[in-house]
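>>> let me see the structure of the following:
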Amino acid sequence: MTLQEFFENNKKLAIALSGGIDSVFLMYAAKKYGAAVRAYFVKTEFQPCFELCDARREAGACGVELSVIELSVLGDESIAENGAERCYLCKKRIMQSIAAAAKSDGYAVVCDGTNASDDADDRPGFRALSELGIISPLRLCGITKEEIRRLSREEGIAVWDKPSYACMATRVKTGERISEEKLLAIEASEDFLRERGFSDFRVRLHKDSAKLELRRDDFEKLLNERAVILDKLKAYFKSVTVDLEARDEKLCN
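Numbering: from 1, shown residues only. As a prediction, the model looks like this:
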């Protein structure tokens, strides 16, 4: 099945828009092939503000109405305690909120941007999608991440080269309780590094210490700016370390 065939068979649908390239590409494809589409972004404590900004900008550029749903996931103790099921539980709450809003707006079909490159064995959220009947057209049509980036570039979609981004909860080690204070420290630190020109990085948290994961090409930049970066991040963390294994030399979330 091609995407065009999918949208010819599903002419009215809702899309879970994260602000990332996969769901943005899916939204553009739905519009291109004539589907009546509405996008939904769920803002929890785990999503940084820049993702919402990107979602709003791209929905506007595509001419798609965007609904923003405010949802507190830290109010759910089973999520805040950050156990092995945290990702599944969080994904289920997010997609339930989208499905409920979409149904209220008259959209029976809900889609997300999961693609053919995503590994179901490594993503607990897949179970939530299956249980709720959420459709993943990109995966269904066998479209990989590489193809999404290529097609997005050809279509002139602004976020075609945006690095993949996992939610901020993934920065906290499993089993360590997640708090709003920790998430705000992580977001502020990552915003600072992004403003200084770093990309595709992570600020991992373990208790009161932060560990930076960077691309190999950014190691020299880090050393050159070490003093100012350390000064900024030590406002949030007791100590700051660097993972010497570069992000582009290993698989990371």
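>>> only C-alpha atoms for contact and neighbour calcs from this point on.
Noted.
>>> report the longest helix in the chain, please.
Secondary structure of the chain per DSSP state H: the longest helix is helix 86-104.
>>> which residue ranges of the stretch 101-250 of the chain form strands?
110-111, 202-206, 209-213, 239-242 (DSSP state E, counting those that start in this stretch).
>>> where in the stretch 1-150 of the chain is pLDDT low?
For the stretch 1-150 of the chain, applying pLDDT under 70 flags the ranges 120-122.
>>> now do the same contact list for L17.
23-24, 27, 39-41, 55, 112-113 (Cα atoms under 8 Å, 6 or more residues apart in numbering).
>>> in helices, which of those residues appear?
Among those, the ones falling in helices (DSSP H) are 23-24, 27, 55.
>>> thinking again about what came up before, buried ones among the contacts of L17?
Buried by 16 or more other Cα atoms under 10 Å: 23-24, 27, 39-41, 55, 112-113, out of the contacts of L17.
>>> which helix or strand contains the nearest residue to V109 once chain neighbours are set aside?
Closest residue in space to V109, ignoring its immediate chain neighbours: L13 at 4.9 Å, by Cα to Cα, 6 or more residues apart in numbering. Taking DSSP states H and E as the definition, L13 sits inside strand 12-16.
>>> residues near V228, how many?
10 (other Cα atoms under 10 Å).
>>> quick one: it from L222, how far?
Remark: distance between V228 and L222 (Cα to Cα, to the nearest Å) = 10 Å.
>>> go on, D76?
For D76 relative to L222 (Cα to Cα), the value is 37 Å.
>>> same check, this time on L230
Per Cα to Cα, L230 is found 10 Å from L222.
>>> looking at the two, which is more packed in?
It is L222, of L230 and L222, that has more neighbours when counted by other Cα under 10 Å, with 19 against 15.
>>> quick one: the more buried one from K232, how far?
According to Cα to Cα, L222 stands 13 Å off from K232.
>>> what of C49?
Distance, C49 to K232, by Cα to Cα: 20 Å.
>>> now E155
For E155 relative to K232 (Cα to Cα), the value is 39 Å.
>>> from I69, how far out is A99?
In this view, A99 and I69 are 11 Å apart by Cα to Cα.
>>> cool, C62 as well?
From C62 over to I69 (counting by Cα to Cα), the distance is 20 Å.
>>> and T44, by the same measure?
On the measure of Cα to Cα, T44 and I69 end up 9 Å apart.
>>> ditto for E147
As judged by Cα to Cα, E147 and I69 stand 30 Å apart.
>>> what of Q4?
29 Å.
>>> please apply the same query to I21.
Note on I21: its distance to I69, by Cα to Cα, is 20 Å.
>>> so the two - more neighbours on which side?
Just comparing I21 and I69: by other Cα under 10 Å the higher neighbour count belongs to I21, 27 against 15.
>>> wait, the more buried one touches A158, no?
No: using Cα atoms under 8 Å as the test, I21 is too far from A158 to be in contact (9.0 Å).
>>> which residues are in contact with each of those two?
Shared contacts of I21 and A158 (Cα under 8 Å, 6+ apart): none.
>>> what secondary structure does L74 sit in?
coil (DSSP: H, G, I helix; E, B strand; the rest coil).
>>> which strand of this structure spans the most residues?
Ranked by residue count, the top strand of the chain under DSSP state E comes out as strand 36-43.
>>> which residue ranges of the stretch 51-200 of the chain form helices?
Along the stretch 51-200 of the chain, the stretches classed as helices by DSSP state H, counting those that start in this stretch are 77-80, 86-104, 125-132, 137-140, 145-155, 180-195.
>>> JSON lines please, covering the ones you listed and showing mean neighbour count and distance to N9.
Output for the helices of the stretch 51-200 of the chain, formatted as JSON lines (neighbours: other Cα atoms under 10 Å; distance: least, Cα to Cα, whole Å):
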{"stretch": "helix 77-80", "mean neighbour count": "16", "distance to N9": "37"}
{"stretch": "helix 86-104", "mean neighbour count": "19", "distance to N9": "18"}
{"stretch": "helix 125-132", "mean neighbour count": "16", "distance to N9": "20"}
{"stretch": "helix 137-140", "mean neighbour count": "20", "distance to N9": "12"}
{"stretch": "helix 145-155", "mean neighbour count": "16", "distance to N9": "21"}
{"stretch": "helix 180-195", "mean neighbour count": "17", "distance to N9": "40"}
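>>> cool, thanks, talk later.
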